[in-house]
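Enquirer: Let me see the structure of the following:
(one chain, ligands or ions: 1)
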Amino acid sequence: MIIRPARGLRGHLRVPGDKSISHRAAILAALCEGATRVSNYSTSADCASTLRCLERLGVRVRREGATVEIEGAGRRLPRAPAHALDCGNSGTTMRLLAGVLAGQNFPATLTGDDSLRSRPMRRVIEPLELMGARVASDGGRAPLTVAGRAPLSAVEYAMPVASAQVKSCVLLAGLNAEGRTAVVEHHGATRDHTERLLRWFGVEVETGDAGRAPSVALVGGQPLTARGVEVPGDISAAAFFLVAAALVAGSELRVEGVGLNPTRAQILGALGALGADVGVENEAELSNEPRGDVRVRGSRALAPGRRGANLLGGAQIAGLIDELPVLAVAGTQVEGGLEIRDAAELRVKETDRVRAVCENLRAMGAAVEEYEDGLRVEGRTRLRGARVRSFGDHRIAMAFAVAALVAEGETEIEDAECVAVSFPEFFGLLESVVER
Ligand code: S3P
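Expert: As a prediction, this is how the structure comes out:
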């Protein structure tokens, strides 16, 4: 894919339905009593993987574009799959389904592509085994064979890393456990879509503070009652447009109907703190998730409005995790640059995103320092168009499409078709709002 510099991004657009919420809507709808219609379901390849796996487990799914109807099977799924369940590139599919499978009466195997089979899975194996399931793996990596037990035993689990996928896995297993299952988030609060959707389907979920760390708990055995879900636009997809518009002077862009859940919308505050002109309009709540329109005006040089804005770290990281690659790109244009710390989790995403961002930014002429847990970029850099790699990672491809818009000359992104993992419409939508 060749991307040339932009003079502005103008107009308005909608991005596909939120990927995290779509996975959860499909999985929870499968566990409901009754049929659920999910509107604005994510068009991503990842969320298609989740639907395919559910079908292999005997759940009836009908899909027409972005509308998906799921016939709930109740908390105990109909049948053992005939073959291994292919989660493709999707960590969320694998880790959440592991939690569902742990409470079933049959064994099932979860596998995925080369990237997914290289990612750490002990983080879900450990709590599921504590609850009484047995999980065979390839040295802590997929394929995972989950030998479920019904019922499981409830646990109180202190999360070793900040991960919404691990939290959700344990809560989903907890639905089929005897007693109260609790998760304590010692490393910072992660996205809470599972908790919100569980409540939407009638499950009582307690949230609180366990010695200053956020905690969430539920009592097993509660039924889920089917009810329509409207998925908001994916703020992690919108982020690429918001950052691009903020960095290109003369831009004036509105992204409509975007999810504004506070555990996901930290990107707006982070951009504002870096000096971007970002605002929210038409806020509403649907299916227990806040949403609204986000508008951005571009400026040539971003200057942070307060001290400390040039450093992202600590408990902030969980709320920005998927936006860090594109924020690093933004950092090259900000007065004072940007340092990202406490983000070692970036190294175990679809690719090692610290390494990928550093390598590509250097290829474009940026001054970058790489740390074990993050990176630092110099600000006010004139990026040069270059040949960069996606590393097969959708967010790396899109982050560097944004870099290309503010660079001098052409940028070629190798293997750019991987954007379909989360956002198949990305390049088409980008061309529809870019002025050259
Ligand atoms: C996700 C959680 C995050 C995020 C991923 C989606 C989710 O992963 O990076 O894109 O839907 O729960 P971790 O839970 O591994 O941090």
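Enquirer: low-confidence ranges in this protein?
Expert: Within the chain, no range satisfies pLDDT under 70.
Enquirer: could you show me where the helices are in the stretch 251-400 of the chain, in order?
Expert: For the stretch 251-400 of the chain, the helices defined by DSSP state H, counting those that start in this stretch cover 266-273, 324-331, 353-363, 394-406.
Enquirer: Rebuild those as CSV, extending it with distance to residue 42 and mean neighbour count.
Expert: Just so you know, the C-beta spots here come from the backbone N, C-alpha and C atoms, and that holds for glycine as well. Listed next are those as CSV, based on distance: least, CB to CB, whole Å; neighbours: other CB atoms under 10 Å:
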stretch, distance to residue 42, mean neighbour count
helix 266-273, 18, 20
helix 324-331, 19, 28
helix 353-363, 21, 22
helix 394-406, 12, 28
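Enquirer: Any chance you could note which residues of the chain sit beside the ligand?
Expert: 20, 92, 163, 164, 165, 168, 191, 321, 322, 345 (CB under 6 Å from any ligand atom).
Enquirer: In contact with the fifth one, which residues?
Expert: I take that to be residue 165. Going by CB atoms under 8 Å, 6 or more residues apart in numbering, residue 165 touches 91, 92, 95, 96, 124.
Enquirer: For the helix or strand containing it, C-alpha coordinates in CSV please.
Expert: Here residue 165, judged by DSSP states H and E, is contained in helix 164-175. Only the C-alpha atoms of helix 164-175 are listed here, as CSV (Å, rounded to 0.1, in the frame of the first residue of the first chain):
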residue,chain,number,x,y,z
ALA,A,164,-9.2,-7.5,30.1
GLN,A,165,-9.0,-10.8,28.3
VAL,A,166,-7.8,-12.6,31.4
LYS,A,167,-10.4,-10.8,33.6
SER,A,168,-13.2,-11.7,31.1
CYS,A,169,-11.9,-15.3,30.8
VAL,A,170,-12.2,-15.8,34.6
LEU,A,171,-15.6,-14.1,34.8
LEU,A,172,-17.0,-16.3,32.0
ALA,A,173,-15.7,-19.4,33.8
GLY,A,174,-17.2,-18.0,36.9
LEU,A,175,-20.7,-18.2,35.4
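Enquirer: about what we covered before: which among the contacts of residue 165 gets closest to the ligand?
Expert: Proximity of the contacts of residue 165 to the ligand (CB to the nearest ligand atom) peaks at residue 92, which lies at 4.2 Å.
Enquirer: ok, the closest one touching residue 20?
Expert: Yes. The pair residue 92 and residue 20 passes the contact test of CB atoms under 8 Å, sitting 6.6 Å apart.
Enquirer: And the two? Which one has more around it.
Expert: Neighbour tally, residue 92 and residue 20, criterion other CB atoms under 10 Å: the higher count belongs to residue 20, 27 against 22.
Enquirer: Just give the nearest non-adjacent residue to that one, would you?
Expert: residue 193 (5.3 Å; CB to CB, 6 or more residues apart in numbering).
Enquirer: And for stretch 48-56, what's in contact with it?
Expert: 22-23, 26-27, 30, 61, 63, 68, 70, 81-83, 85-90, 92-93, 96-97, 110.
Enquirer: Show me those that map onto strands.
Expert: Assigned to strands by DSSP state E, the following of the contacts of stretch 48-56 qualify: 61, 63, 68, 70, 85, 86, 110.
Enquirer: Spatially nearest residue to the fourth one (excluding sequence neighbours)?
Expert: Looking back up the chat, that one is residue 70. residue 29 (4.0 Å).
Enquirer: Next, the contact list for that neighbour, please.
Expert: Neighbour list for residue 29: 36, 38, 70, 72, 201, 226, 229 [criterion: CB under 8 Å, 6+ apart].
Enquirer: wait, the last one sits on residue 32?
Expert: Read it as residue 229. No. Residue 229 lies out of contact with residue 32 (CB under 8 Å); the separation is 10.5 Å.
Enquirer: which one of the two has more residues nearby?
Expert: Set residue 229 next to residue 32 and count neighbours by other CB under 10 Å: residue 229 wins out with 28 against 21.
Enquirer: Got the phi and psi for that one?
Expert: phi -130, psi 130 (degrees, to the nearest 10).
Enquirer: all numbers from here: first residue = 7
Expert: OK, 7 is where the count begins now, so the last one is residue 235.
Enquirer: Compare the residues of the chain next to the ligand and tell me which is most surrounded.
Expert: Highest count within the residues of the chain next to the ligand by other CB under 10 Å belongs to residue 174, 30 neighbours.
Enquirer: For the stretch 7-156 of the chain, which segments count as strands?
Expert: 8-9, 14-19, 41-45, 66-70, 73-77, 91-92, 113-117, 140-142, 150-153 (DSSP state E, counting those that start in this stretch).
Enquirer: Dump those strands into CSV; add mean neighbour count as well.
Expert: Shown next, in CSV, are the strands of the stretch 7-156 of the chain (neighbours: other CB atoms under 10 Å):
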stretch, mean neighbour count
strand 8-9, 17
strand 14-19, 17
strand 41-45, 19
strand 66-70, 13
strand 73-77, 19
strand 91-92, 22
strand 113-117, 20
strand 140-142, 16
strand 150-153, 22
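Enquirer: quick revisit: okay, the ones in strands among the contacts of stretch 54-62 in TSV with distance to residue 83 next?
Expert: Output for those, formatted as TSV (distance: CB to CB, whole Å):
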residue	distance to residue 83
67	13
69	19
74	17
76	12
91	11
92	17
116	14
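Enquirer: Quick one: neighbours of the nearest residue to residue 237 once chain neighbours are set aside, just the number.
Expert: Nearest non-adjacent residue to residue 237, counting by CB to CB, 6+ apart: residue 23, 3.7 Å away. By the criterion of other CB under 10 Å, residue 23 has 27 neighbours.
Enquirer: State the distance from residue 23 to the ligand.
Expert: Counting by CB to the nearest ligand atom, to the nearest Å, the gap from residue 23 to the ligand is 13 Å.
Enquirer: Am I right that that residue is in contact with residue 242?
Expert: No. Between residue 23 and residue 242 there is no contact under CB under 8 Å: 11.6 Å.
Enquirer: can you list the domains in the protein?
Expert: What automatic domain parsing lists as the domains of the chain is 8-21+238-441, 25-231.
Enquirer: Quick one: distance of the longest one to the chain centre.
Expert: When you say that, I think you mean domain 8-21+238-441. Remark: domain 8-21+238-441 is offset 14 Å from the chain centroid, using CA atoms, centre = their mean, to the nearest Å.
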